[in-house]
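Chemist: let me see the structure of the following:
(chains A, B, C and D)
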There are 2 protein chains.
Amino acid sequence: MGASKSDHFSEKQNTLATMAKALGHPARIAIIEFLLKTESCICGDIVNELPLAQPTISQHLKELKNADLIKGSVEGNAICYCINEKAMEKLQHYFGNIVNKLEKRKTTCC
Amino acid sequence: MGASKSDHFSEKQNTLATMAKALGHPARIAIIEFLLKTESCICGDIVNELPLAQPTISQHLKELKNADLIKGSVEGNAICYCINEKAMEKLQHYFGNIVNKLEKRKTTCC
DNA sequence: TTAATATATTGCAATATTACGATAAAAAAT
DNA sequence: ATTTTTTATCGTAATATTGCAATATATTAA
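Modeler: Next comes the predicted model:
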């Protein structure tokens, strides 16, 4: 087959997988880190920063946006992309919760 | 092409992308959550828990292991899989750091 | 209006992922 | 030794991702 059976999993699981998947490419990690580094919301400069062609970057931005990890707003004839803070908080909490639960365990396995 | 240009990105970026990619499938999120839920390190029970065939689960486990998100140790004729706490801490800190940096910003964009 | 600038979309080739039946491997139980 | 149990691997089909040239779109500048 090839298609993932997302209907068999919960809404939350699918949302999280979508977010993680969007971060599952070094170029997209690099984009997030670039957006974090630049105080102002830089847009097309990402193309100059990364070793990828403009259409490729545009596609990566689209995927980050679809996963709700970044936001984009029209700013003149350019577009201002920036990190969606809420999404990052969500991820932080998700992994924080996992770490908490693991720490509470008495039994250490493996 | 199709292959990702991982050589153009930093070691850290690639490692993180690999971890995120491994979590980028609902079945693998479900596996992590199942390992978290069961106090003891359940192994083959995952097959009974998820709506996927045994070879598929085995493959997903392999990817989680390759990304260093879980550990597996032989336990009789079964295998005890469990979450790699350090990996989860790494992810928590990564997103925590992003959230911190975003919070410190005066300018709110988008 | 026309040209320039910035970003998105289309189309396509190369490659990777997902899923599973069949089968192998390895230890435990009989 | 044979069977059972548990997990891994192989082979393969269906689908998704990655990357980019070419092109479209949309806004600003001239």
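Chemist: now A:Ala20, nearest residue through space, not along the chain?
Modeler: Excluding its sequence neighbours, the residue lying closest to A:Ala20 (CB to CB, 6 or more residues apart in numbering or on different chains) is B:Leu23, at 3.7 Å. C-beta here means a position set from N, CA and C on the backbone, and glycine is covered the same way.
Chemist: give me the neighbour count for the one you found.
Modeler: 27 (other CB atoms under 10 Å in any protein chain shown).
Chemist: state the distance from it to B:Ile42.
Modeler: 19 Å (CB to CB, to the nearest Å).
Chemist: ok but A:Cys80 is inside a strand, no?
Modeler: Yes - under DSSP: H, G, I helix; E, B strand; the rest coil, A:Cys80 sits within a strand.
Chemist: enumerate every residue touching it.
Modeler: A:Cys41, A:Ile42, A:Cys43, A:Gly72, A:Ser73, A:Val74, B:Cys109, B:Cys110 (CB atoms under 8 Å, 6 or more residues apart in numbering or on different chains).
Chemist: so what pLDDT did it get?
Modeler: Listed pLDDT for A:Cys80 reads 93.
Chemist: hey, what's it bridged with?
Modeler: Judged by DSSP bridges, the bridge partners of A:Cys80 are A:Ser73.
Chemist: ok, longest helix in chain A?
Modeler: Assignment by DSSP state H gives helix A:85-104 as the longest helix of chain A.
Chemist: does that helix come close to chain B?
Modeler: Yes - using CB under 8 Å from any CB of the partner chain, we find that helix A:85-104 touches chain B at A:Glu85, A:Met88, A:Glu89, A:Leu91, A:Gln92, A:Phe95, A:Gly96, A:Ile98, A:Val99, A:Lys101, A:Leu102, A:Glu103.
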